[in-house]
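K.L.:
pasting the sequence and the predicted coordinates here, then a few questions.
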Amino acid sequence: MKRENEIKKFVKERYAEIASRGVSCCPSCCACNTDIVEQAKSMGYSEQELRNVPEGAVMGLGCGNPTALAELKEGETVLDFGAGGGLDVFLAAQRVGETGNVIGVDMTPGMVEKAKENARNGNYKNVEFRLGEIENLPVEDNSIDVIISNCVINLSPDKLATYKDAFRVLKPGGRILISDLVTEGELPEDVRRSFDAWAECIAGAMEKQEYLNTIKKAGFRDVTIVAEHLFSEFGIDDRLAGKIISIQVKAYK
């Protein structure tokens, strides 16, 4: 428990620093690239999507575009784990429309304030941002239609607790669409123990089948990988080549 708390504290401090700078480069679950827009496009966001959100929402964080595969519908209530500057919240808000609602949760006060500012700048009326941890969500039971998350759950030291709480807040029949990083093959022990590697979404990545089994253990059904690709942006550590995979997982309550 002590190490879990130390990991969480380190990650929170690192992302508070990112929030204060406004961009990720680096650390993040992404490439270090001077062009944040190109960086986001490489993760699956279209140029049109990036043009239609507040500028401060694009921070170069993530490993996919969960809203593109979540099949969001008008009127749905959506929850985003680790909302950051609000990019996925704003994209989801456009899809669910005025009758829908999108809640973004982040454990970093600086990120929540930044996201709220971006919402005001973009005049979004159907979004809200809450301070909280994804293992213990500030959200009512059975109140959410869809949960999305972009390279955040791997930052949690207790992924089973995270998915159990996701199950709690979803309505019966609700679904998740999660972009995350997983591993194929063992990571070096020094990487596993590195706080920097935790903040960079590497050290906390689970082996792919174990990750899927964790989702099932939390109670979800029809757990399916809907997209995956080799993730090559891991800095200068060549030992990680071919071992980190970006996946997008869908499952139902």
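P.N.:
Right, received. Where do you want to start?

K.L.:
strands of this protein, start to end?
P.N.:
For the chain, the strands defined by DSSP state E cover 77-81, 101-106, 127-131, 144-150, 170-183, 221-230, 244-252.

K.L.:
give me the angle between the longest one and strand 144-150.
P.N.:
If you take axes from the mean of the first three to the mean of the last three Cα atoms, to 10 degrees, strand 170-183 sits at 10 degrees to strand 144-150.

K.L.:
quick one: least confident helix or strand in this protein?
P.N.:
Each helix and strand of the chain was given a mean pLDDT (mean pLDDT, DSSP states H and E); the minimum falls on helix 36-42 at a mean of 60.

K.L.:
His229 reaches Ile245, doesn't it?
P.N.:
Yes: using Cβ atoms under 8 Å, His229 is in contact with Ile245, at 7.1 Å. Quick note: C-beta positions are derived from backbone N, CA and C, even for glycine.

K.L.:
these two - which one has more neighbours?
P.N.:
Neighbours per residue (other Cβ atoms under 10 Å) separate His229 from Ile245, with Ile245 holding more: 19 against 12.

K.L.:
hmm, back to that, of all the strands of the chain, which one comes closest to Glu47?
P.N.:
Nearest to Glu47, of all the strands of the chain, is strand 144-150, at 18.1 Å by Cβ to Cβ.

K.L.:
how about residues contacting that closest one?
P.N.:
By Cβ atoms under 8 Å, 6 or more residues apart in numbering, the list of residues contacting strand 144-150 from outside reads 29, 61-67, 70, 72, 76-82, 88, 92, 103, 134, 166, 169-171, 174-180.

K.L.:
avg pLDDT for that strand?
P.N.:
Average pLDDT, strand 144-150: 97.

K.L.:
which neighbours does it have in its sheet, and in what orientation?
P.N.:
Looking at strand 144-150 with DSSP bridges, its partner strands are strand 77-81 (parallel), strand 170-183 (parallel).

K.L.:
just want the angle from the last one to strand 244-252.
P.N.:
Same thing as strand 170-183. Per the same axes, to 10 degrees, the angle that strand 170-183 makes with strand 244-252 is 170 degrees.

K.L.:
scan this protein for its longest helix.
P.N.:
helix 2-21 (DSSP state H).

K.L.:
please export the C-alpha coordinates of that helix as CSV.
P.N.:
This file holds the C-alpha atoms of helix 2-21, laid out as CSV (Å, rounded to 0.1, in the frame of the first residue of the first chain):
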residue,chain,number,x,y,z
LYS,A,2,2.9,2.4,0.8
ARG,A,3,4.4,1.9,-2.7
GLU,A,4,1.0,2.4,-4.3
ASN,A,5,0.5,5.7,-2.5
GLU,A,6,4.1,6.7,-3.5
ILE,A,7,3.3,5.9,-7.1
LYS,A,8,0.1,7.8,-7.1
LYS,A,9,1.7,10.9,-5.4
PHE,A,10,4.5,10.9,-8.0
VAL,A,11,2.1,10.6,-10.9
LYS,A,12,-0.2,13.3,-9.5
GLU,A,13,2.8,15.7,-9.1
ARG,A,14,4.0,15.0,-12.7
TYR,A,15,0.7,15.6,-14.2
ALA,A,16,0.2,18.8,-12.1
GLU,A,17,3.4,20.0,-13.8
ILE,A,18,2.1,19.1,-17.2
ALA,A,19,-1.1,21.0,-16.4
SER,A,20,0.8,24.1,-15.5
ARG,A,21,2.8,23.9,-18.7
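
K.L.:
packing partners of that helix?
P.N.:
Under the contact criterion of 3 or more Cβ pairs under 8 Å, 6 or more residues apart in numbering; DSSP states H and E, helix 2-21 touches helix 109-122, helix 195-199.

K.L.:
what about it, average pLDDT?
P.N.:
In this model, helix 2-21 has an average pLDDT of 74.

K.L.:
no further questions, thank you.
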